[in-house]
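S.K.: sequence first, then the predicted structure:
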Amino acid sequence: MKIITTPMCKEILRLAGISDFILSAQPDSADADLAVVLSETETTIKSIKIRLNTFSQIAESIKLLSDIFGTETPESFNHVFEKIKKEKIKISKMYNENQKIKVKVYSNFLGDIVKDMGFKVVDNVDEDYDFVVYPDYMENGIDNRIKSKIKDKKAVKMPSHKNVPVNPIARAELRYKILERQLCMRR
């Protein structure tokens, strides 16, 4: 079976013990039987969609792929799982305190992270909130209504796919650290 994946998912396949795959930013461009792609990626071939926004999603995706392909995670990657475990413990310790902080989020992938850290996500734009978190690609596209709302709030611009490490664990670490520094430390 020929498997294709994108650079953003490459490390997850390796962590799941899958070493034989084609790497391409355009999964439909190669002759493959199956694509392993991010959940929001559109492809015409049969695919396994994974989510890599939170440490939990990363661990679940590795397990899913390992189970599907009958592979075992190489022992050399145990340090990665220890890192994920430590981050999840750190997050759980902050969780109760973070629930007091209301955050308006302008992206699904950021919403996953904000919720994972225990912050209360505000869905209604008219509801009061303490912080606004938005992806960098929205910076120039934020309409005036949103600008007026965030004018008096603490806004946190988060790097999106083009401005973060390709490695999903490094990407998650970066985003979590930004949120921890900006939301937890600025209350």
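M.R.: Structure received.

S.K.: residue nearest the centroid of this protein?
M.R.: N53 (1.4 Å; CA atoms, centre = their mean).

S.K.: mind listing what I48 touches?
M.R.: I48 sits next to L34, A35, V36, V37, L64, L65, I68 when contact means CB atoms under 8 Å, 6 or more residues apart in numbering. C-beta here means a position set from N, CA and C on the backbone, and glycine is covered the same way.

S.K.: can you rerun that using 7 Å?
M.R.: By CB atoms under 7 Å, 6 or more residues apart in numbering, the contact set of I48 is L34, V36, I68.

S.K.: what's the burial count for K104?
M.R.: 24 (other CB atoms under 10 Å).

S.K.: same check, this time on N96
M.R.: Taking other CB under 10 Å as the criterion, the count of residues near N96 is 9.

S.K.: tell me which element it falls in.
M.R.: helix 78-98 (DSSP states H and E).

S.K.: please apply the same query to V37.
M.R.: Assigned by DSSP H and E, V37 falls in strand 34-38.

S.K.: how far is that strand from where the chain is centred?
M.R.: 16 Å (CA atoms, centre = their mean, to the nearest Å).

S.K.: in its sheet, what does it sit against?
M.R.: Note on strand 34-38: by DSSP bridges, its sheet partners are strand 3-5 (parallel), strand 47-50 (parallel).

S.K.: for that strand, buried residues please.
M.R.: By 16 or more other CB atoms under 10 Å, the buried positions in strand 34-38 come out as L34, A35, V36, V37, L38.

S.K.: residue ranges with poor pLDDT in this structure?
M.R.: By pLDDT under 70, the low-scoring segments of the chain are 76, 125, 141-153, 185-187.

S.K.: give me the domain ranges for this structure.
M.R.: Split into domains by automatic domain parsing, the chain comes to 3-73, 85-184.

S.K.: dump the ones you listed to TSV, plus distance to H79.
M.R.: Output for the domains of the chain, formatted as TSV (distance: least, CB to CB, whole Å):
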stretch	distance to H79
domain 3-73	11
domain 85-184	10
